[in-house]
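In: pasted the sequence and its predicted model underneath.
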Amino acid sequence: RLNMDTLHLVHVKLLASDLLTLTPRHTSPASFVRCGRTVARAEVVGVVVSRDRREKFLRFLVDDGTGCVPCVLWLNHQYLNANSSSDSDPTGEMASKMSEVVRLGTLLRVRGRIVMYHGTIQIAARDVVLEEDPNVEVLHWLQCVHMAKECYDLPLPSA
Amino acid sequence: MASSTLKPGVPITLQELEPSSEMLKQGASLRVTGILQSYDVDSAVAVIQDGSARLKIDTQNLRDISFRSNSTFQFIGELLIQPNNDAILQARVGRNVDGLDLNLYQQSLIIRRQHEAKLLSSRRP
């Protein structure tokens, strides 16, 4: 039978309070349950309130007013791609560029896989986008509310 | 990272910080928005206003912000209620939000709070 529940394939727009209370499932890779649906990726928008840069990663907290979402941006792609014959490292360069927009007080949109680290939900960032128009945060709130009502909260179609 | 225990700055309007408000609590983590009325370079204290409501902001921990009068600013920090009952927000972060539609922001805040309350009640065992 065709599985109509495809929420796990997309970045689900969530408020921090919603994201941080997802129910973890013991799967590999990690996945989470919200209202009976599997969720694996999320998109959040908020203000950077903490930043911790290390050699291999950048950890930061995004505050959207309902919670602070821990995010990690891996910077060690050159090690992960050690077998690559090419000297260039476009993924690493991209991550390094994205890390530069993560500054205290800036408004960011973060998309990535939801992971569990030391018992806490966090986002392993794939995209980090600096938002310069303050109204996009308000739009994101309304999209979260709208998507919950029209999609995420709806009962699963029976298989 | 010790900061993972940071509390979110709950967005409120300055009008909601009236003396009888339950938001007006010592140490409350808040996010406030208003138009900059004044900024004192020596004390690093800014005053923001929204309608008739005003709030003092201690900005001594902030860097790289240019405080322009009549620009709109948003701050996240903790509320300090002084012995004379005067409230001041000790800002951790701040930014210029010129262009923000304050009316839309406040209306959306109401919708978002209703959504949060619903979520909270559905997650309660």
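Out: Happy to help now that I have it.
In: check contacts around the closest residue to B:L24 other than its chain neighbours.
Out: Excluding its sequence neighbours, the residue lying closest to B:L24 (Cβ to Cβ, 6 or more residues apart in numbering or on different chains) is B:L17, at 5.6 Å. All C-beta atoms are positioned from the backbone trio N, CA, C, and that covers glycine. Counting by Cβ atoms under 8 Å, 6 or more residues apart in numbering or on different chains, B:L17 touches B:23-24, B:32, B:53, B:55, B:87.
In: show me the beta-bridge partners of the spatially most central residue of chain B.
Out: For chain B, B:V32 is the residue whose C-alpha lies nearest the centre (Cα atoms, centre = their mean; 1.9 Å). Beta-bridge partners of B:V32, counted by DSSP bridges, are B:F75.
In: wait, it touches B:A87, no?
Out: No. When contacts are counted by Cβ atoms under 8 Å, B:V32 is not listed as touching B:A87 (10.4 Å).
In: what's the overlap in contacts for those two?
Out: Joint contacts of B:V32 and B:A87 (Cβ under 8 Å, 6+ apart) are B:17, B:55.
In: ok so, going back, mind checking how far the residue nearest to B:L24 is from chain A?
Out: 15 Å (Cβ to the nearest Cβ, to the nearest Å).
In: same check, this time on B:I110
Out: On the measure of Cβ to the nearest Cβ, B:I110 and chain A end up 11 Å apart.
In: check which helices and strands the helix or strand that contains that residue sits against.
Out: For B:I110, the host element (DSSP states H and E) is helix B:102-123. For helix B:102-123, the helices and strands in contact under the criterion 3 or more Cβ pairs under 8 Å, 6 or more residues apart in numbering or on different chains; DSSP states H and E are helix A:16-19, helix A:135-147.
In: so where's chain A uncertain?
Out: When residues are selected by pLDDT under 70, those of chain A lie in A:1-4, A:77-89, A:157-159.
In: quick one, phi psi at the nearest residue to A:V128 once chain neighbours are set aside?
Out: Spatially, and ignoring its direct neighbours in sequence, A:V128 is nearest to A:M98 (4.1 Å; Cβ to Cβ, 6+ apart). For A:M98, the backbone dihedrals (degrees, to the nearest 10) come out as phi -60, psi -40.
In: and for A:M98, the neighbour number?
Out: 20 (other Cβ atoms under 10 Å in any protein chain shown).
In: tell me the spacing between it and chain B.
Out: 19 Å.
In: contacts only, for A:R37.
Out: A:5, A:7-8, A:152, A:156.
In: which bits of chain A sit near chain B?
Out: Contact residues (Cβ under 8 Å from any Cβ of the partner chain) of chain A with chain B: A:15-18, A:21, A:47-50, A:52, A:59, A:61, A:63-68, A:70, A:104-107, A:120, A:133-135, A:138, A:141-142, A:144-145, A:148.
In: re earlier: most packed of the helices and strands packed on helix B:102-123?
Out: helix A:16-19 (a mean of 23; mean count of other Cβ atoms under 10 Å in any protein chain shown).
In: please save the CA atoms from the host helix or strand of A:S50 in CSV.
Out: Using DSSP H and E, A:S50 sits within strand A:41-53. Below are the C-alpha coordinates for strand A:41-53, written out as CSV (Å, rounded to 0.1, in the frame of the first residue of the first chain):
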residue,chain,number,x,y,z
ARG,A,41,13.6,17.5,9.5
ALA,A,42,12.6,20.9,10.7
GLU,A,43,12.7,24.6,9.9
VAL,A,44,12.9,27.3,12.6
VAL,A,45,13.3,31.0,12.6
GLY,A,46,14.6,33.0,15.5
VAL,A,47,17.3,35.2,17.0
VAL,A,48,20.8,33.9,17.9
VAL,A,49,21.2,34.1,21.6
SER,A,50,24.4,32.1,22.1
ARG,A,51,27.3,31.0,19.9
ASP,A,52,30.1,28.6,20.5
ARG,A,53,32.7,28.1,17.7
